[in-house]
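Undergrad: Coordinates for the following, if possible.
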Amino acid sequence: MRLPCRLLLFALSLIALPAGAQTAIHHCIGSSGNPVFTDQPCASMQASPVRASPSPEGAPSSAPMMLCAATRDDLRQGVIEAFAQQDANRLAGLMLWNGYGKGAAIADIEMLAGLVRQPLLGIDFPGAPTPARSAATPYPTAVSTTPSTPMLVLDVADRTGTGARQWHFDLVHRAGCLWLRNAD
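TA: Residues are numbered from 1 along each chain as shown. Sure thing, here's the model as predicted:
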């Protein structure tokens with residue numbers, strides 16, 4: 001009876017042996033700027049190590065990064081941030097890109113890069129529900145002739161700085177998110 005138990009323990013120790021022999025995986029940034037995962041130290045590959053930022057013990061975890069705009073206010077804030085940072089990629093991240101060919105996508109990204117370099121003068125959601133009337137505005141406003149398709153209108157200064165130009169984006173609800181689609 002002792003021999004089968006010893007053989008079983010020996011077999012289990014052989015199975016566990018490779019788990020202890022595994023080396024650490026190093027997360028590095030290569031000289032080209034791309035992430036590299038390797039079993040070698042980063043320095044041996046002329047790469048820089050990526051260190052996780054330490055978080056204090058017991059500190060609450062930060063809120064997860066918002067991946068899409070869930071509301072018009074989220075969408076408005078994302079557009080404002082994109083213009084403030086002059087970040088065409090941030091604005092492109094708010095857009096729905098399915099159905100685009102490579103050439104059309106590149107052309108639209110270039111258009112967005114030029115757009116975010118212009119001063120943002122205003123953001124409007126024509127046809128959006130208006131807030132309830134207050135004592136200051138007791139009478140209803142005139143009937144609006146806004147489009148039936150929900151949209152976002154950006155007012156930006158033109159390239160000369162002497163006028164303004166409007167850019168129209170359709171609003172698309174998909175997968176619980178609110179996306180922009182180029183309407184111009």
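Undergrad: Could you report the neighbour count for Gly122?
TA: By other Cβ atoms under 10 Å, 10 other residues sit near Gly122. For glycine as for every other residue, the C-beta is placed from the backbone atoms N, C-alpha and C.
Undergrad: ok, the residue lying closest to it once chain neighbours are set aside - contacts?
TA: Nearest residue to Gly122, sequence neighbours excluded (Cβ to Cβ, 6 or more residues apart in numbering): Asp155, at 4.0 Å. By Cβ atoms under 8 Å, 6 or more residues apart in numbering, the contact list for Asp155 reads 120-124, 164-166.
Undergrad: any idea how far the residue positioned nearest the centre of the chain is from Asn182?
TA: Nearest residue to the geometric centre of the chain (Cα atoms, centre = their mean): Leu67, 4.7 Å. Counting by Cβ to Cβ, to the nearest Å, the gap from Leu67 to Asn182 is 21 Å.
Undergrad: Next: Ile25.
TA: 42 Å.
Undergrad: of the two, who's got more company?
TA: Asn182 (16 against 8).
Undergrad: Whichever strand in the chain runs longest: what's the following helix or strand?
TA: As assigned by DSSP state E, the longest strand anywhere in the chain is strand 164-174. Scanning forward in sequence from strand 164-174 by DSSP states H and E, the next helix or strand is strand 177-182.
Undergrad: Neighbours of Gly101, how many?
TA: Close neighbours of Gly101, defined as other Cβ under 10 Å, add up to 8.
Undergrad: The longest strand of the chain pairs with which strands?
TA: Counting by DSSP bridges, the strands paired with strand 164-174 are strand 151-157 (antiparallel), strand 177-182 (antiparallel).
Undergrad: Kindly reformat these as a markdown table and extend each row with distance to Ala113 and mean pLDDT.
TA: Listed next are the strands paired with strand 164-174 as a markdown table, based on distance: least, Cβ to Cβ, whole Å; pLDDT from 0 to 100:
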| stretch | distance to Ala113 | mean pLDDT |
| --- | --- | --- |
| strand 151-157 | 13 | 91 |
| strand 177-182 | 14 | 90 |
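Undergrad: quick one, which of those is nearest to Leu9?
TA: Among those, the nearest to Leu9 by Cβ to Cβ is strand 177-182 (55.0 Å).
Undergrad: Which residues does the closest one contact?
TA: 67-72, 74-75, 94-96, 108, 152, 169-173.
Undergrad: rerun that using 7 Å as the cut-off
TA: The contact list for strand 177-182 (Cβ atoms under 7 Å, 6 or more residues apart in numbering) reads 68-72, 75, 94-96, 108, 152, 169-172.
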